[in-house]
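**Q** would you be able to build a 3D model of this:
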Amino acid sequence: MIGDARLTVSYRTQKMLWEVKGRVLPPEFLGELQPETVLFDYEGPRSYFTHDPQGGLLFAHQCGESDHVWRYAVVPFSDELAEALQTGRIDLRTALDQPRIWVVDFSRSTQPEQCVAVRLSDIPADCLPKPGVMLYADLEPAIVEKAGYIRELDRDEHTCLLRDDEGVTVAKLSFDESLFDEVKVAFDAERRVKVATKAPRATPIAELLTVEFLSS
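**A** Numbers count the residues shown, from 1 in each chain. Here you go, the predicted model:
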């Protein structure tokens, strides 16, 4: 996809650097990290695929810059994830939410200068793609299925939380009036449900599409 002309919404200017906290590794830990397949280029590669020294696929997405440094979030990837990202089945935030993630700084000479193992939560939210933002603007937000329990129902605003079996909030949902009765039954009866959601752009609230009651 080198040279793909489709508009992307993943790049925002003025992504400044922050103090990276995590486990510092040798700069060459992931190899040279030179772009092999550029997904989006604007005055340089902003999102691309490459491989580590062992041949494992990596996805790199620019998350900060200064006059002399470009900073990337780098995650291990798979062919399945690559296909899902490029076809709109997952958004950029989901693509970066992997068990292992590294923040890598490059000098303008394109050599890795720093590599730090972090968690996604260690990266400032305004340096990450917002939920629902796709690799390209012409891709629709991904539809995702989740299971859990409806909690904190707001009958006036038509919003609720979906929490997993351990009580951890996995999504904040908004829903149409047509789904109110199903949501209310799930909430009142504490029924476990499977929901299909679509994350609108530029908001952390997912749109609830369907509700399916699961066996107790």
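**Q** so which elements touch the single longest strand found in the chain?
**A** In the chain, assigned by DSSP state E, the strand with the most residues is strand 143-154. Other helices and strands packing on strand 143-154, by 3 or more Cβ pairs under 8 Å, 6 or more residues apart in numbering; DSSP states H and E, are strand 159-163, strand 169-174, helix 180-188, strand 192-198. In this view, the C-beta of every residue, glycine as well, is placed from N, C-alpha and C.
**Q** make CSV from those and add mean neighbour count and distance to F59 to it.
**A** Shown next, in CSV, are the helices and strands packed on strand 143-154 (neighbours: other Cβ atoms under 10 Å; distance: least, Cβ to Cβ, whole Å):
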stretch, mean neighbour count, distance to F59
strand 159-163, 19, 27
strand 169-174, 18, 23
helix 180-188, 16, 35
strand 192-198, 18, 23
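**Q** by mean pLDDT, show me the worst of these.
**A** Note on the helices and strands packed on strand 143-154: strand 169-174 shows the lowest mean pLDDT, a mean of 88.
**Q** can I get the CA coordinates of the helix or strand of the chain with the lowest mean pLDDT in CSV?
**A** The helix or strand of the chain with the lowest confidence, counting by mean pLDDT, DSSP states H and E, is strand 169-174 at a mean of 88. Below are the C-alpha coordinates for strand 169-174, written out as CSV (Å, rounded to 0.1, in the frame of the first residue of the first chain):
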residue,chain,number,x,y,z
THR,A,169,-16.1,-2.1,32.7
VAL,A,170,-15.4,-3.1,29.0
ALA,A,171,-17.5,-0.4,27.3
LYS,A,172,-19.7,2.6,27.7
LEU,A,173,-22.7,2.2,25.5
SER,A,174,-25.4,4.5,24.0
